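**Student:** Could you look at this predicted model? Sequence included:
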Amino acid sequence: MVKLTLGPAFVTGLTALREFVGFRTVVAEIPMSTPPASLKDEKRALWYLRKIPLLEGLSTEQYRELTGEVEVRELQRRQIVYLPGDPGEHVFFIQGGRIKCSKVSRDGKELTLTYVAAGEFFGELCVLEGSPREEMAEAMKNSIITVLPRERIRNLLMTRPAIAFRFIKVVGERRRLVEQKIEHLVFRDVHAKLAALLIELGKEYGKETEDGLQIDQKITHQEMANLIGSTRETISLTLAAFKRKELVQLFGRTVVLTDLDGLQALT
């Protein structure tokens, strides 16, 4: 059992955050350090390590050296990975599933920073500074993550230029996306922000159908609102307006983009 030290920023907002996560119980002690025996097997650890794109190019011996420090965790949907104020001591690599990273205010409002999926990593800024977490990470579906200490990743970045370049490329792209999000929040109205989000989701998760470009990723109105700094009610009204203009079709939680040019014109 590993005891987590909750930082001052988290303690002051604990009540609001608990209210935000609702039925999920956030506790100060969660089992983290001892994975199931089946996951401690060296061969399985090696298999997971070899599936991490960032580490591509390591020798078999270098992979074996990492097995003594790697931890594999199986997460349930809505399980918290870390909270604001938690120590920044590890980098997390997604083997399967989907993780959401977000900022949460003291009154429970949420702004989604990013979603990350299999092959990607998160919590990487601790490698550069080692300060406590400022965001929350949460599993959006049942997931498997591989965990490595920040110092081990830091050493690899210092000694392996190819790994360092891939790391910097991901961090740079995320910086660009954050700047784009800020621009949208400040300068665009909700119609423009939602249109841009739908186009982005279409590029990432789109699947061509007879009706149009279907976003092949279930996403709630609240999740859309969190991504663009709006409210669920506003998103519902705006999607209804888009539907009337025949820009989209709605089938429950499934969105089909029927007029990409029209959506692009709104941005």
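**Tutor:** Cool, the structure landed. Only a predicted model underlies this, so the values are computations on that prediction, with no experimental measurement involved. Residues are numbered from 1 along each chain as shown.
**Student:** what separates Leu201 from Gln249, distance-wise?
**Tutor:** Leu201 sits 15 Å away from Gln249, taking C-beta to C-beta, to the nearest Å as the criterion. Backbone N, C-alpha and C define where each C-beta goes, glycine included.
**Student:** swap in Glu223?
**Tutor:** Distance of Glu223 to Gln249, computed by C-beta to C-beta: 19 Å.
**Student:** and if you look at Leu125?
**Tutor:** 39 Å.
**Student:** For Ser131, the count of nearby residues, please.
**Tutor:** Burial measure for Ser131: 11 neighbouring residues, criterion other C-beta atoms under 10 Å.
**Student:** and it, what does it touch?
**Tutor:** Residues in contact with Ser131 (C-beta atoms under 8 Å, 6 or more residues apart in numbering) are Gly88.
**Student:** Gly202 too?
**Tutor:** Neighbouring residues of Gly202 by C-beta under 8 Å, 6+ apart: 213, 215, 257, 260.
**Student:** In those residues, find the pair that's most separated.
**Tutor:** Spatial extent of these (C-beta to C-beta) is set by the pair Ile215 and Leu260 at 11.9 Å.
**Student:** What ranges does the protein have for its helices?
**Tutor:** Assigned by DSSP state H, the helices in the chain fall at 8-12, 14-21, 42-50, 60-67, 126-129, 150-159, 161-187, 190-205, 221-228, 232-244, 260-266.
**Student:** Export those to a markdown table and append columns for distance to Lys109 and mean pLDDT.
**Tutor:** Shown next, in a markdown table, are these (distance: least, C-beta to C-beta, whole Å; pLDDT from 0 to 100):
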| stretch | distance to Lys109 | mean pLDDT |
| --- | --- | --- |
| helix 8-12 | 15 | 40 |
| helix 14-21 | 8 | 38 |
| helix 42-50 | 36 | 89 |
| helix 60-67 | 39 | 91 |
| helix 126-129 | 25 | 90 |
| helix 150-159 | 29 | 95 |
| helix 161-187 | 13 | 90 |
| helix 190-205 | 16 | 91 |
| helix 221-228 | 9 | 90 |
| helix 232-244 | 12 | 94 |
| helix 260-266 | 25 | 92 |
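**Student:** Alpha carbons of stretch 78-95, in CSV - could you do that?
**Tutor:** Below are the C-alpha coordinates for stretch 78-95, written out as CSV (Å, rounded to 0.1, in the frame of the first residue of the first chain):
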residue,chain,number,x,y,z
ARG,A,78,-13.7,6.2,-14.3
GLN,A,79,-10.7,5.2,-12.1
ILE,A,80,-8.5,8.1,-11.1
VAL,A,81,-4.8,7.8,-12.1
TYR,A,82,-3.7,10.9,-10.2
LEU,A,83,-5.0,14.1,-8.8
PRO,A,84,-3.7,17.7,-8.5
GLY,A,85,-1.1,17.8,-5.8
ASP,A,86,0.0,14.2,-6.2
PRO,A,87,3.8,13.7,-6.6
GLY,A,88,5.1,13.8,-10.2
GLU,A,89,7.2,10.7,-10.0
HIS,A,90,6.2,8.5,-13.0
VAL,A,91,5.4,8.7,-16.7
PHE,A,92,2.4,6.6,-17.9
PHE,A,93,2.2,4.7,-21.2
ILE,A,94,-1.2,3.5,-22.5
GLN,A,95,-1.3,0.0,-23.7
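**Student:** roughly how far out does that stretch sit from the chain middle?
**Tutor:** Here the centre of stretch 78-95 is set off from its chain's centre by 10 Å, with C-alpha atoms, centre = their mean, to the nearest Å.
**Student:** What of stretch 69-76?
**Tutor:** Going by C-alpha atoms, centre = their mean, where stretch 69-76 is centred and where its chain is centred differ by 16 Å.
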